[in-house]
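Chemist: need coordinates for the following:
(one chain, ligands or ions: 1)
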Amino acid sequence: MNKVLIVDDSATMRKIITRVLRQAEIPCNTVLEAGNGVEGLAKLASDPDIDLILSDINMPEMNGVDFVKAVRTAHAKEKLPMIMVTTEGGEAMMKNALDLGANGYVTKPFTPESIRAALEAYLG
Ligand SMILES: [Mg+2]
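Modeler: Numbering: from 1, shown residues only. All right, here's what the predicted structure looks like:
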């Protein structure tokens with residue numbers, strides 16, 4: 001995997017996810033970050049070679065569900081996997097995200113093992 005985009009309104013959570021990706025030994029050269037869906041779309045426009053998105057659901061400006069919807073207008077599910085990062089109790093929102101084209105999800109708190117399991121299918 002060359003370029004991963006992490007979208008979360010918590011800078012701390014973005015750092016944790018980045019660290020867990022390393023701990024899980026997910027091979028990725030570049031990790032990009034965005035604080036909400038609007039920033040995520042801007043990153044995608046400036047870095048069209050992003051090959052995986054990990055996105056939070058609850059964010060200001062544009063939440064993860066609307067972000068999935070927006071990304072899927074231009075990027076097919078088969079070409080650009082989107083894995084949602086969710087909290088316990090977020091099942092309804094998660095179902096919406098999956099219906100709109102998210103590929104899968106991982107529930108917080110996660111471990112290197114659970115991240116790896118969620119991403120396994122997309123590791124080249
Ligand atoms: Mg959040």
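Chemist: quick one: the strands in the chain?
Modeler: Assigned strands in the chain, in chain order: 3-7, 30-34, 52-56, 82-86, 104-107 (criterion: DSSP state E).
Chemist: remind me, longest helix of the protein?
Modeler: Taking DSSP state H as the criterion, the chain has its longest helix at helix 11-23.
Chemist: what comes into contact with that one?
Modeler: 4, 6, 8, 28, 31, 33, 35, 54, 56, 85, 108, 110-112, 115 (CB atoms under 8 Å, 6 or more residues apart in numbering). C-beta here means a position set from N, CA and C on the backbone, and glycine is covered the same way.
Chemist: could you rerun that using 6 Å?
Modeler: Identification of contacts with helix 11-23 by CB atoms under 6 Å, 6 or more residues apart in numbering yields 6, 8, 31, 33, 112, 115.
Chemist: just the closest of those residues to the ion, please.
Modeler: residue 8 (5.8 Å; CB to the ion).
Chemist: contacts only, for that closest one.
Modeler: So residue 8 contacts 14, 56 (CB under 6 Å, 6+ apart).
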